[in-house]
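S.K.: What follows is a predicted structure for the sequence shown.
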Amino acid sequence: MHLKSTRAIFFFSFFVFFFSLSQNALALTWTATNSGNSNWADVTTSDDGSVVAVADSSDDVIISLDYGQTWSTSTPTTTSMSWSKIDVSADGSTVALTGDHIYISTNTGSTWTEMQPAGTSTQAWWGVEVSDDGSVMLATIDNSSDVYVSTTTGSTWYLTQPTTTVGFYATALSSDGSTMAVAGDPGFIYTSTDYGQTWTPRHTSELWWEMSMSDDGSKIFAVDLNDTINISSNSGVSWSVVTVPDFPTLSGISNSADGTKVVLSDLNGELFTSTSTGQTWTRQLSVSGLGWDLFADSSDDGVNVYTNEGGAKIWRGRANPPAFSGISTTSATTTAAIDWTTDLAADATVNYGTTISYGQSATDASGTTSHSVSLSGLDSCTTYHYQLESTDSDYSQVGTTSDATFGTAGDCFGSNPAEVAQDIADGQIVVVGGVATNTPSVTFNIDYSIVSGSASIKFSSGTQLTNSEGGNINFLDVTVEDVTSSLQGAYVGDIAGAVSVGLVSADLSFTQNATITIPVSTSYNGQTLNVYSQGEGASTWTLETACLVTGGLCVFVSNHATYFSAGDEPQDPPSSSGGGTKTKRDTPSTEEESDNSLEPAEGDSPLQIKLKKIISLLLQVIELQKKLLELST
């Protein structure tokens, strides 16, 4: 996979650039990572792009362990040396360096050892390749047909000659080192699948400049002097020829581990990228008008690529992951849909859950820029946290968003202060000023109910609740209570049901009507009952509205909350002191007890209720006649 440039022999000073490719190379952000005035000769990187090693054409080697953020100088020898090529193992620990001699480090440049083949003195060593584990090495000599191979991390070497007629400049090596390729100027491309023991001439004779290879050795890319790209997908058995747009003066080539992603540089300042094994290309603009001399190396995923350009600084550029825009959510009771747009073609994943830990995800694998992901099986009236994630289709760069929330609709309710407090914390209810226990008002962000058994009050989304008389309230004390039995015990009349809504010490007002439910006996089903209200501390009842009983429930709307009674207007019993106080009746007489059997009871049919009322009325008439007779006598 590691590219070694030969056209660079004609250049003496270079910038070194490191960047992440994406569909849109214009998204690259560039930063100069060092200053100085060096004549960079070659650059290489570990498989993940984190270790970067750069050789100076005179003496020095600089190494970064953090993607080019910081650099340190490593000096292989105190003897003045003109370096030509450098390569590293997959993890960056083993480094091979060629110049007049071969130097090897097994600790990322901390120490070096001269390890050139036995019997060779000072030579103009040119190409060098290192396998992923650092054990296999391939080295060539400038303008020579000699190819040296080591399978012992440079401790020993053996000579092999694919041919004796040309000098080899372009070299390539598979990740395990078993498959090799060399190309001359001019000459055939030669390949070996047995660590250089035997060689096979491939393709036509050309003036070869650059060569690169996939990790498994199946894909080989070679650039010739005619500025065409020669591609093989079967280890050199057959080839196709591709011309990139605008007929550039090609200077370098490199590829990802699997060979699907390829980059090209030319001497006119243009970059070209392919995500189709070189079959189609995208022309990219130069950065700040700079012209590239060569691509020297790329990381295994094809994202991190290094290139040289005339100058002295080392630059680092990285493409951003997919950027998000137009995020919107729609939700129902148990479903939701989240839509967004990315600037790159990418997949779409929504991580979601009731906490920021998420725990669930839904994915659309389509590689597009417009995304919509549907969620189902959600709980109603629940706040969900979510995070969007998109991985771009070409270079697998992952973009994510920060945490956000949406709420589902449905039966949202609190039945005790703890539940209401949690719903405030989840944002379903907003405390407007102060705290929940001392606030002038609250606003409901969703349809929300406060319930107690079958009694309830439901607020529409957007409703604001305040104290009718002004001042602050403890919202956590707002309750709904079924007070039917206590009102039936305190007043006379047909009280079918009653509820207390709000606070003991204050009446509440709402900016929108709230729906209030009073549970009554199912014997009232189908009947229309009057609904009376009484403010806190008041002595009279006011006709509020009417309700049609369905399913044993009297449902109506109101813009305030206090006591509500359904049925007859509550009346003080004759034995009470009057004044509308909510005290229990005096102990009933025997005759009153007998009349109690005529009160409507649960399970009575409408006809039975009407008969009981008629009988009760007749009995009252009889009693009245008795009293009149007594007076007349």
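M.R.: Sure thing, it's come through.
S.K.: residue ranges of the helices in this protein, please?
M.R.: Assigned by DSSP state H, the chain shows helices spanning 417-425, 484-490, 590-595, 606-632.
S.K.: tell me the most buried of the ones you listed?
M.R.: Comparing those by mean neighbour count (mean count of other CB atoms under 10 Å), helix 484-490 comes out on top with a mean of 17. Glycine gets a C-beta too; all of them are placed from N, C-alpha and C.
S.K.: hey, C-alpha coordinates of that one in PDB?
M.R.: The C-alpha trace of helix 484-490 is given here as PDB (Å, rounded to 0.1, in the frame of the first residue of the first chain):
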ATOM      1  CA  THR A 484     -68.700  12.800  46.800                       C
ATOM      2  CA  SER A 485     -69.300  11.000  50.100                       C
ATOM      3  CA  SER A 486     -68.400  14.000  52.200                       C
ATOM      4  CA  LEU A 487     -70.700  16.300  50.300                       C
ATOM      5  CA  GLN A 488     -73.500  13.800  50.400                       C
ATOM      6  CA  GLY A 489     -73.100  13.700  54.100                       C
ATOM      7  CA  ALA A 490     -73.100  17.500  54.500                       C
END
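S.K.: who does it touch, helix- and strand-wise?
M.R.: The contact analysis (3 or more CB pairs under 8 Å, 6 or more residues apart in numbering; DSSP states H and E) places helix 484-490 against strand 495-502.
S.K.: Listing partners with orientation, what would you give for the strand it packs on?
M.R.: The strands beside strand 495-502 in its sheet (DSSP bridges) come out as strand 479-482 (antiparallel), strand 563-567 (antiparallel).
S.K.: got any ranges where the stretch 451-600 of the chain has weak pLDDT?
M.R.: Low-confidence segments of the stretch 451-600 of the chain (pLDDT under 70): 575-600.
S.K.: just so I have it, where are all the strands in it?
M.R.: Using DSSP state E, counting those that start in this stretch, the strands assigned to the stretch 451-600 of the chain run over residues 455-459, 464-467, 479-482, 495-502, 508-519, 528-534, 542-548, 553-561, 563-567.
S.K.: Can you lay out the helices of the chain as a markdown table showing distance to residue 338?
M.R.: Shown next, in a markdown table, are those (distance: least, CB to CB, whole Å):
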| stretch | distance to residue 338 |
| --- | --- |
| helix 417-425 | 23 |
| helix 484-490 | 46 |
| helix 590-595 | 65 |
| helix 606-632 | 52 |
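S.K.: ok, the residue nearest to residue 419 when sequence neighbours are not counted to residue 189 distance?
M.R.: Distances taken as CB to CB, 6 or more residues apart in numbering place residue 413 nearest to residue 419, at 7.8 Å, with adjacent residues excluded. Using CB to CB, to the nearest Å, residue 413 is found at 76 Å from residue 189.
S.K.: ok, now residue 517?
M.R.: As judged by CB to CB, residue 517 and residue 189 stand 85 Å apart.
S.K.: Looking at the two, which is more packed in?
M.R.: residue 189 (28 against 22; other CB atoms under 10 Å).
S.K.: my guess is that one meets residue 221, correct?
M.R.: No. Using CB atoms under 8 Å, residue 189 is not in contact with residue 221, being 10.8 Å away.
S.K.: Overlap in contacts, those two.
M.R.: Common neighbours of residue 189 and residue 221, using CB atoms under 8 Å, 6 or more residues apart in numbering, are 211, 230.
S.K.: highest average neighbour count across the strands paired with strand 495-502?
M.R.: For these, the highest mean count by mean count of other CB under 10 Å goes to strand 563-567, at a mean of 26.
S.K.: Taking strand 455-459 as reference, get the angle to that one.
M.R.: 120 degrees (axes from the mean of the first three to the mean of the last three CA atoms, to 10 degrees).
S.K.: Using CSV, write out the CA atom coordinates for strand 563-567.
M.R.: Extracted as CSV, the C-alpha positions of strand 563-567 are listed here (Å, rounded to 0.1, in the frame of the first residue of the first chain):
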residue,chain,number,x,y,z
TYR,A,563,-65.3,22.5,44.4
PHE,A,564,-67.6,21.0,41.8
SER,A,565,-70.8,19.0,42.4
ALA,A,566,-72.9,17.2,39.8
GLY,A,567,-76.6,16.6,40.3
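S.K.: Renumber starting at 880 from here on
M.R.: Right, with 880 as the first residue, what we last looked at is strand 1442-1446.
S.K.: Contacts for that strand, please.
M.R.: 1362, 1366, 1372-1380, 1395, 1397, 1399, 1408-1415, 1420, 1423, 1426, 1428, 1433, 1435, 1437.
S.K.: how close does residue 1001 sit to residue 961?
M.R.: Distance from residue 1001 to residue 961, counting by CB to CB: 11 Å.
S.K.: Please work out how many residues are found near the closest residue to residue 1050 other than its chain neighbours.
M.R.: In space, and not counting its chain neighbours, residue 1050 is closest to residue 1006: 3.9 Å by CB to CB, 6+ apart. Residue 1006 has 27 neighbours, counted by other CB under 10 Å.
S.K.: So residue 1006 is in contact with residue 1022, correct?
M.R.: No. Judged on CB under 8 Å, residue 1006 makes no contact with residue 1022 at a distance of 11.9 Å.
S.K.: and stretch 1493-1507, how far from the chain's centre?
M.R.: Here stretch 1493-1507 is found 79 Å from its chain centre; the criterion is CA atoms, centre = their mean, to the nearest Å.
S.K.: Same question for stretch 1138-1155.
M.R.: Distance of stretch 1138-1155 from the chain centroid (CA atoms, centre = their mean) equals 30 Å.
S.K.: and if you look at stretch 1357-1374?
M.R.: Using CA atoms, centre = their mean, the offset of stretch 1357-1374 from its chain centre is 54 Å.
S.K.: How about stretch 1216-1226?
M.R.: 11 Å.
S.K.: What are the contacting residues of it?
M.R.: Contacts of stretch 1216-1226 (CB under 8 Å, 6+ apart): 901-903, 906, 1201-1210, 1227, 1229, 1242-1254, 1265, 1267, 1269-1273, 1278, 1285.
S.K.: out of those, which are buried?
M.R.: 901-902, 906, 1201, 1203, 1208, 1210, 1227, 1229, 1247-1248, 1250, 1252, 1254, 1265, 1267, 1269-1273, 1278, 1285 (16 or more other CB atoms under 10 Å).
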